[in-house]
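> coordinates only, sequence not included:
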């Protein structure tokens, strides 16, 4: 899900949050229900003739499908530095504290964080509002949990927790829709997430901003609760969770492992980092926050880690996956024809580990499911990729040797499959498309040798296996 985008951070001075009065008047919006007749709407903002506000409304309407960092970057580009604070008060805070869809509240939270990302979170003028929202949403999520249910607010609580801890950059690469659909591991549920109230309220002893925004448009019981001296949730004793030092240490290890997974999409992990991450892969994939868009960049930089992640995903229970297993398999079919991709596919095609076959209720193996669901389409997509690379080369759009290397490596890979009897040279269904490809590019030694094998219908070990 998905390279990280560079943040465009605000150059605003750290403005005081005493100007909180506009927040209450903007509590209503077209993104969430009005709570009182006097509430204004974003439709009014859009129709007020201010093109900047209209553009921000449009951005927020489609932010659910954008990486959070992209939404933040777009906001910084749309709004002049001197206008960002006031516009955030008028438009973003009412949306954050409303009952709007989580896919809209999450990017708003991230934008409020990223406006002052160069500074510690303790200096962010919106920290008390973010904290008050965290407390309120956490209380509601815990109450639903004690009744045996599960609240979608859990993901928002986790996002706010990450932001208030100063780890908001970890959220940047993910879109709000991905975050809301990704199940949380038990140790990151709302009841396990805590923050120190003094850290976020020390510069706002009366909680003026928090009170004015958290109670805007809320029912009376929430308003009375938000105006109280303490914003900590009043939980019944049965819902309070005691976190031991061992549990806290384990949570820190999991948080570190999640950071390493994010880093693995952008660079090769060191051996030390791989040793830290590898034992925790089962914890990260059951339930998982790994999505299909994470796999291609991880394969490119860390094929060994990608292999372990794919194995863990294939072995995970369906209700623990962020997406259907077929989505992950589809991601494998679209990998580019590079050495890391061939290495991963080769290892999976030789892995005979048993996994449940949920379509039949029986058992199958990793090799069988990859052979039947991935290999044929991977070969087809690789040929298309190389055809496009050849066309780009002829048009002068690229100057490297990706096409030549790709043809050579694909032919060597297929020769290895023949040697290992994973594919059958005599089977038209397996080899017809590859045979035509090898003939078209028979000027390459590897393609010519492969065509001779396929044409004769014999599986002759010609090249040293790459897998």
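Arrived safely. It should be emphasised that the depicted structure is a prediction, and the values quoted were computed from it without experimental measurement.
> Tell me where the stretch 301-450 of the chain has helices.
303-315, 325-333, 339-349, 366-370, 376-394, 402-419, 428-440, 445-456 (DSSP state H, counting those that start in this stretch).
> For residue 67, which of these is the nearest?
Minimum separation from residue 67 across these (CB to CB) falls at helix 325-333, 17.3 Å. Every residue, glycine included, has its C-beta placed from N, CA and C.
> which other residues reach that closest one?
Residues from elsewhere that reach helix 325-333, judged by CB atoms under 8 Å, 6 or more residues apart in numbering: 292-293, 295-296, 310, 313-314, 318, 321, 344-345, 348, 358, 369-370, 373-374, 377-378, 381.
> From these, keep the buried residues only.
292-293, 295-296, 310, 313-314, 321, 344-345, 348, 369-370, 373-374, 378, 381 (16 or more other CB atoms under 10 Å).
> low-scoring stretches of this structure, by residue?
1-49, 196-244, 247-248, 286-289, 317-323, 358, 458-467 (pLDDT under 70).
> sorry, back to before: can you add distance to residue 254 and give the helices of the stretch 301-450 of the chain back as TSV?
Conversion of the helices of the stretch 301-450 of the chain to TSV gives the following (distance: least, CB to CB, whole Å):
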stretch	distance to residue 254
helix 303-315	14
helix 325-333	21
helix 339-349	25
helix 366-370	25
helix 376-394	32
helix 402-419	36
helix 428-440	42
helix 445-456	45
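> Residue 176: which of those is closest?
Among the helices of the stretch 301-450 of the chain, helix 325-333 sits nearest to residue 176 (CB to CB), with 18.3 Å.
> The closest one to helix 303-315, inter-axis angle?
For helix 325-333 against helix 303-315, the angle by axes from the mean of the first three to the mean of the last three CA atoms, to 10 degrees is 150 degrees.
> and helix 325-333 with helix 339-349, angle?
Relative orientation of helix 325-333 and helix 339-349, computed by the same axes, to 10 degrees: 130 degrees.
> Buried residues, helix 325-333. List them.
325, 328-333.
> likewise stretch 79-88?
For stretch 79-88, by 16+ other CB under 10 Å, it's 79, 84-85, 87-88.
> Pick out the most distant pair among the residues you listed.
The widest separation within the buried residues of stretch 79-88 (CB to CB) is 9.7 Å, between 79 and 85.
> Please report how far the residue of the chain most remote from its centre lies from residue 376.
In the chain, counting by CA atoms, centre = their mean, residue 456 sits farthest out from the average C-alpha position, at 47.6 Å. To residue 376, residue 456 is 22 Å away according to CB to CB, to the nearest Å.
> Then residue 83?
The separation that residue 83 has from residue 376, given CB to CB, amounts to 55 Å.
> quick one on the thing from earlier: and the buried residues of helix 325-333 as TSV, adding distance to residue 92?
Compiled in TSV, the buried residues of helix 325-333 are given as follows (distance: CB to CB, whole Å):
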residue	distance to residue 92
325	37
328	35
329	39
330	36
331	34
332	39
333	40
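> neighbours around residue 365, how many?
When neighbours are defined as other CB atoms under 10 Å, residue 365 has 15 of them.
> What sits closest to it if chain neighbours are left out?
In space, and not counting its chain neighbours, residue 365 is closest to residue 352: 5.0 Å by CB to CB, 6 or more residues apart in numbering.
> Quick check: the gap between that neighbour and residue 313.
Applying CB to CB, the value for residue 352 to residue 313 is 17 Å.
> Could you do residue 307 as well?
11 Å.
> Please identify which of the buried residues of stretch 79-88 is nearest to residue 442.
residue 79 (58.4 Å).
> check contacts around that closest one.
Per CB under 8 Å, 6+ apart, neighbours of residue 79: 52, 56, 87.
> Using the three-state scheme, assign the most centrally placed residue in the chain.
Nearest to the geometric centre of the chain sits residue 174, at 3.6 Å (CA atoms, centre = their mean). Here residue 174 is recorded as coil under DSSP: H, G, I helix; E, B strand; the rest coil.
> Check the one 4 residues further on too.
Per three-state DSSP, the secondary structure class of residue 178 is helix.
> does residue 290 count as helix, strand or coil?
Residue 290 - assigned by three-state DSSP - is coil.
> How much space separates it from residue 279?
For residue 290, the distance to residue 279 - CB to CB - is 16 Å.
> got it, and residue 334?
In terms of CB to CB, residue 334 sits 30 Å off from residue 279.
> between these two, which one's more packed in?
Each of residue 334 and residue 279 has its neighbours counted (other CB under 10 Å); residue 334 has more, 15 against 10.
> so what's the more buried one up against?
By CB under 8 Å, 6+ apart, the neighbours of residue 334 are 296, 381.
> Can you give me the neighbour number for residue 445?
10.
> Quick check: the gap between it and residue 438.
Counting by CB to CB, the gap from residue 445 to residue 438 is 11 Å.
> Equivalent analysis for residue 402, please.
18 Å.
> neighbour-wise, which of the two wins?
More neighbours surround residue 438 than the other of residue 402 and residue 438, with 26 against 18 (other CB under 10 Å).
> what about the one helix or strand residue 82 maps to, distance to the chain center?
When elements are assigned from DSSP states H and E, residue 82 belongs to helix 81-87. Chain-centre distance of helix 81-87: 29 Å, with CA atoms, centre = their mean, to the nearest Å.
> moving C-terminal of that helix, what's the next helix or strand?
Downstream of helix 81-87, the first helix or strand assigned by DSSP H and E is helix 93-96.
> Give the buried residues for the very next helix or strand once past that next one.
Sequence order places helix 102-114 as the next helix or strand after helix 93-96, per DSSP H and E. Applying a neighbour-count criterion of 16+ other CB under 10 Å, the buried positions in helix 102-114 are 102-114.
> Let's have the residues you listed in JSON lines, adding distance to residue 132.
Listed next are these as JSON lines, based on distance: CB to CB, whole Å:
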{"residue": "102", "distance to residue 132": "17"}
{"residue": "103", "distance to residue 132": "21"}
{"residue": "104", "distance to residue 132": "18"}
{"residue": "105", "distance to residue 132": "14"}
{"residue": "106", "distance to residue 132": "17"}
{"residue": "107", "distance to residue 132": "19"}
{"residue": "108", "distance to residue 132": "14"}
{"residue": "109", "distance to residue 132": "12"}
{"residue": "110", "distance to residue 132": "17"}
{"residue": "111", "distance to residue 132": "17"}
{"residue": "112", "distance to residue 132": "12"}
{"residue": "113", "distance to residue 132": "15"}
{"residue": "114", "distance to residue 132": "19"}
